[in-house]
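Peer 1: Below is the sequence, then the predicted model.
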Amino acid sequence: MSERGKAQVFEGKVVSNRMEKTVVVEVSRRVKHPVYKKFITRKKKFKAHTSDRFKCDLGDYVRIISSRPISKTKHWRVLEILERSKGV
């Protein structure tokens, strides 16, 4: 069986875990402005599916991977938890 391509993998911070089996992960990246040449932080939120193995709390840093559509807005899965939040 041949693969069709590599799955996208991002790292980000959990900003919401109020849904069942779903977390919202904010991924930020720094890009250079085309005219002013200053670095800008771009942020995007992804809804990721989480199972019983990964209990994510607010502030956790996680790695997410693209997957088949799980629901209308959910196309990502939590691959691993990189760092647990300190406080909360």
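Peer 2: Everything's here; your move.

Peer 1: ok, for the spatially most central residue of the chain, nearest residue in space, not its chain neighbours?
Peer 2: Of all residues in the chain, the one closest to the mean position by Cα atoms, centre = their mean is Val25, 4.0 Å from it. Of all residues not flanking Val25 in the chain, Gly12 sits nearest, at 4.2 Å (Cβ to Cβ, 6 or more residues apart in numbering). All C-beta spots, glycine's among them, are computed from the backbone N, C-alpha and C.

Peer 1: now for the helix or strand hosting that neighbour, which elements pack on it?
Peer 2: Following DSSP states H and E, the helix or strand that holds Gly12 is strand 9-19. Here strand 9-19 touches strand 22-32, strand 39-49, strand 61-66, going by 3 or more Cβ pairs under 8 Å, 6 or more residues apart in numbering; DSSP states H and E.

Peer 1: What pairs with it, parallel or antiparallel?
Peer 2: Sheet partners assigned to strand 9-19 using DSSP bridges are listed as strand 22-32 (antiparallel), strand 61-66 (antiparallel).

Peer 1: quick one: low-confidence ranges for the protein?
Peer 2: 1-2, 88 (pLDDT under 70).

Peer 1: In this model Trp76 seems to touch Pro69, though I could be wrong.
Peer 2: No: applying Cβ atoms under 8 Å as the test, Pro69 and Trp76 come out as separate, 10.1 Å apart.

Peer 1: The two: which is more packed in?
Peer 2: Trp76 (25 against 8; other Cβ atoms under 10 Å).

Peer 1: This completes my enquiry, with thanks.
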